[in-house]
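Asker: Below are the sequence and a predicted model for it; my questions follow.
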Amino acid sequence: MHDYQRPPTLYRYGVREDLELALTQGQFILRPSNSCLTLSFSQVWDRKLFELFSSDSCLIIHNTEEFGERIHRAVQRTLPSWAGIDGAIEYGTRAALGAAFTKTAAEAQEQEWQFAWRAMQAQLSLNPVLIKIGSLENFAELRSQDTYLA
């Protein structure tokens, strides 16, 4: 049971080639950060973020509830002894969800929503993990920087 609301839309800025795999196959790479494996999105459509993330495209997810449930199920299958949570990053103060959800005030323009998983056993290694959740084409789209609408 979640006591928070996922944002209605999530944005993942990146290179078109990677984002096409995300759109058509639901392929994402979980990256180690703060002793967790993480996958981050932005809660905003912002031209500055294309530059910040050296991106030419943006994956826009319109059904964040279905997306979030599919992500958590896929990671549960791949990493059964890991616990997952998702929530907003807090900037400049320690987040209630802990260090993995805390960033500096200088990073606030990213307005991140993050999925994070922590190993339930200390000996599990923190290496990037590839997951696939299936096509997102029924509730997501890919836009290039050129189609930016303010």
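Answerer: Thanks, I have it. Numbers count the residues shown, from 1 in each chain.

Asker: mind listing what Ile85 touches?
Answerer: Contacts for Ile85 were tallied using Cβ atoms under 8 Å, 6 or more residues apart in numbering; they are Leu97, Phe115, Ala116, Trp117. No exception for glycine: its C-beta is placed from N, CA and C like everyone else's.

Asker: Equivalent analysis for Met120, please.
Answerer: Met120 makes contact with Ser81, Trp82, Ala83, according to Cβ under 8 Å, 6+ apart.

Asker: For the second one, which non-adjacent residue is spatially closest?
Answerer: Read that as Trp82. Computed as Cβ to Cβ, 6 or more residues apart in numbering, the closest residue to Trp82 that is not its neighbour in sequence is Trp117, at 4.3 Å.

Asker: so where does the one you found fall, helix or strand?
Answerer: Element membership for Trp117 (DSSP states H and E) is strand 112-119.

Asker: what helices or strands is that strand leaning on?
Answerer: Secondary structure elements in contact with strand 112-119, counted by 3 or more Cβ pairs under 8 Å, 6 or more residues apart in numbering; DSSP states H and E, are strand 27-33, strand 36-42, helix 64-78, strand 82-88.

Asker: Please give the number of neighbouring residues around His47.
Answerer: For the record, residue 47 is Arg, not His. Each residue near Arg47 was counted by other Cβ atoms under 10 Å, and the total is 11.
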